[in-house]
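Enquirer: Fold the following.
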Amino acid sequence: MRKIAFLGLDNAGKTSIIRAITKRFGFEEELAGIMPTKRIARDHFKFLGLEITRQDFGGQAQYRQDYLKNPGKFLAGTDLVIYVIDAQDHKRYSESLDYLDQIIIFFKEEQLNPPIAILFHKFDPLLIDDKEINKNILTMKQALTRYNQAFDIFFFETSVYDLKSIMDAFSIALSMLFDKMEMVSNLFAEISRNYNCIMIALFDSRGLTVGEYYRPHISIETKLKIYDVYIEVQKRIIAENRKLYEFSDKFDDGTRFSGVVEVLKFGTLEFYLLFIVEEDEKDLAKTIELLDKIESAKPQMENLIYQIIQ
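Expert: From the prediction side, this is the model:
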């Protein structure tokens, strides 16, 4: 059993992040009705066969005081911290930093060093080029580097209006609990180089990334397009109860691509393997041949998954 603690001030967006991760399809409709978390909300899930308890710590001042009065009761045994900061609320940056300070003091005193993923949340797509917000976030990151010697700290910018940003942050954070996760991405990198793929990725049934590799210098817009296509394809696979789905589409620059999503099952565990290549518009047979060659590497991927989940 592993324990993940979602911590941060009230209104930082912890619960909306968890709702997005848990539901994915249609979670946006529920955002307006989300109420502040009272004390600690707990749920359980499995990732790669590992039992995980997820704790959403209410961020109101009275609850934070309770946690910090008896941190051993609430924080002992934490394997991963996901600390959420409202990127738009720079007036509370100092308050959020003080809260994180006290949490880290406890871990230091107990000689615990769980990895810490810090999410600058509500960093909505329209704000990506906002110089003031980017400057504020950079200032916070610089202030937090003082913890680097004692803890593995990772930074992410996330938004409920960019589901991939949330899924990527949570997937990378979860990978810190597994020693062999990097092996998947390394294998995908080798396959991608051999066959000049645009990307290869492996997701679990909830859309959490087990491993992925993109062709170098792929733009953010292209990655988001690929993820949107994957989400739509997965919906169809579920609705039609299919094990394999082939598709073709084009990027904003007009470049066409072909891809395959295949369902892989290991006992009760289910995964989605996605690979995408650029189409040869003059000779589509070459595109089909390339997809078949990538498919032939599937046994290697399956063997690696077995190693991770055992």
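
Enquirer: going forward, measure contacts between C-alpha atoms and count neighbours the same way
Expert: Will do.

Enquirer: And the strands in this structure?
Expert: Counting by DSSP state E, the chain forms strands over residues 2-8, 40-47, 50-57, 80-86, 116-121, 153-157, 199-204, 209-214, 244-250, 256-266, 269-278, given from the N-terminal end onward.

Enquirer: Mean neighbour count, distance to residue 163 and mean pLDDT added to these, as JSON lines?
Expert: Shown next, in JSON lines, are the strands of the chain (neighbours: other C-alpha atoms under 10 Å; distance: least, C-alpha to C-alpha, whole Å; pLDDT from 0 to 100):
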{"stretch": "strand 2-8", "mean neighbour count": "22", "distance to residue 163": "18", "mean pLDDT": "96"}
{"stretch": "strand 40-47", "mean neighbour count": "13", "distance to residue 163": "19", "mean pLDDT": "90"}
{"stretch": "strand 50-57", "mean neighbour count": "19", "distance to residue 163": "19", "mean pLDDT": "93"}
{"stretch": "strand 80-86", "mean neighbour count": "24", "distance to residue 163": "16", "mean pLDDT": "97"}
{"stretch": "strand 116-121", "mean neighbour count": "24", "distance to residue 163": "12", "mean pLDDT": "96"}
{"stretch": "strand 153-157", "mean neighbour count": "17", "distance to residue 163": "11", "mean pLDDT": "95"}
{"stretch": "strand 199-204", "mean neighbour count": "22", "distance to residue 163": "14", "mean pLDDT": "90"}
{"stretch": "strand 209-214", "mean neighbour count": "22", "distance to residue 163": "13", "mean pLDDT": "90"}
{"stretch": "strand 244-250", "mean neighbour count": "14", "distance to residue 163": "21", "mean pLDDT": "89"}
{"stretch": "strand 256-266", "mean neighbour count": "18", "distance to residue 163": "19", "mean pLDDT": "89"}
{"stretch": "strand 269-278", "mean neighbour count": "21", "distance to residue 163": "18", "mean pLDDT": "89"}
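
Enquirer: how about CSV for these, with distance to residue 71 added?
Expert: Output for these, formatted as CSV (distance: least, C-alpha to C-alpha, whole Å):
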stretch, distance to residue 71
strand 2-8, 12
strand 40-47, 13
strand 50-57, 12
strand 80-86, 14
strand 116-121, 17
strand 153-157, 20
strand 199-204, 33
strand 209-214, 32
strand 244-250, 48
strand 256-266, 39
strand 269-278, 35
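
Enquirer: can I assume residue 102 is in contact with residue 67?
Expert: No - look at residue 102 against residue 67 with C-alpha atoms under 8 Å: they stay out of range, at 10.2 Å.

Enquirer: Compare those two and say which is more crowded by neighbours.
Expert: Neighbour count, other C-alpha atoms under 10 Å: between residue 102 and residue 67, residue 67 has more, with 18 against 13.

Enquirer: ok, now how distant is that one from residue 245?
Expert: Separation of residue 67 from residue 245 (C-alpha to C-alpha, to the nearest Å): 48 Å.

Enquirer: and the longest helix seen in the chain, how far out from the chain's middle?
Expert: Residue-count comparison of every helix in the chain, with assignments taken from DSSP state H, identifies helix 220-240 as the longest. Centroid displacement of helix 220-240 relative to its chain, using C-alpha atoms, centre = their mean, to the nearest Å, is 15 Å.

Enquirer: Report all helices and strands that it contacts.
Expert: Helices and strands touching helix 220-240, as assessed by 3 or more C-alpha pairs under 8 Å, 6 or more residues apart in numbering; DSSP states H and E, comprise strand 244-250, strand 256-266.

Enquirer: Please determine how far residue 149 is located from residue 19.
Expert: Using C-alpha to C-alpha, we find residue 149 at a distance of 33 Å from residue 19.

Enquirer: Distance-wise, check residue 250 relative to residue 287.
Expert: Counting by C-alpha to C-alpha, the separation of residue 250 from residue 287 is 14 Å.

Enquirer: domains for this protein, by residue range?
Expert: 2-175, 181-309 (automatic domain parsing).
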